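Engineer: pasting the structure only:
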């Protein structure tokens, strides 16, 4: 299913921060200009969905790497 690479922990942290920035920019754009017509589909679904999935995967990967570094046998 999901996979992660221990050597890319810094990249996962960057992706986590970048996805938060993208989500924040989307929220600002939505509150300032609103979403009507195709803008909802393009910005809200695709942009928000991509940033959300990236955030979730990066958070999960960092958590798994932290468990593995700690020596937790349940990883």
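Structural biologist: Done, it's in. Please read these numbers as outputs of a predicted model, since none were measured by experiment.

Engineer: and stretch 46-55, which residues are buried?
Structural biologist: 47-48, 51, 54-55 (16 or more other Cβ atoms under 10 Å). Backbone N, C-alpha and C define where each C-beta goes, glycine included.

Engineer: Give the rounded mean pLDDT of it.
Structural biologist: The pLDDT scores in stretch 46-55 average 91.

Engineer: Now do it: everything it contacts.
Structural biologist: 15-16, 18-20, 22-23, 26 (Cβ atoms under 8 Å, 6 or more residues apart in numbering).

Engineer: what's the distance between that stretch and the middle of its chain?
Structural biologist: 6 Å (Cα atoms, centre = their mean, to the nearest Å).

Engineer: So in the protein, where's the weakest helix or strand by average pLDDT?
Structural biologist: helix 38-39 (a mean of 74; mean pLDDT, DSSP states H and E).

Engineer: and that one, what does it pack onto?
Structural biologist: Contacts defined by 3 or more Cβ pairs under 8 Å, 6 or more residues apart in numbering; DSSP states H and E place helix 38-39 against no helix or strand at all.

Engineer: residues in contact with that helix?
Structural biologist: Contacts of helix 38-39 (Cβ under 8 Å, 6+ apart): residue 33.

Engineer: one step back: which one of the buried residues of stretch 46-55 is nearest to residue 66?
Structural biologist: Distance to residue 66 across those (Cβ to Cβ) is lowest for residue 55, with 16.5 Å.

Engineer: End to end on stretch 31-49, go ahead and measure it.
Structural biologist: 18 Å (Cα to Cα, to the nearest Å).

Engineer: Now do the buried residues in it.
Structural biologist: Those would be 35, 43, 47-48, for stretch 31-49 by 16+ other Cβ under 10 Å.

Engineer: can you tell me which of the buried residues of stretch 46-55 are in helices?
Structural biologist: 48, 51, 54-55 (DSSP state H).
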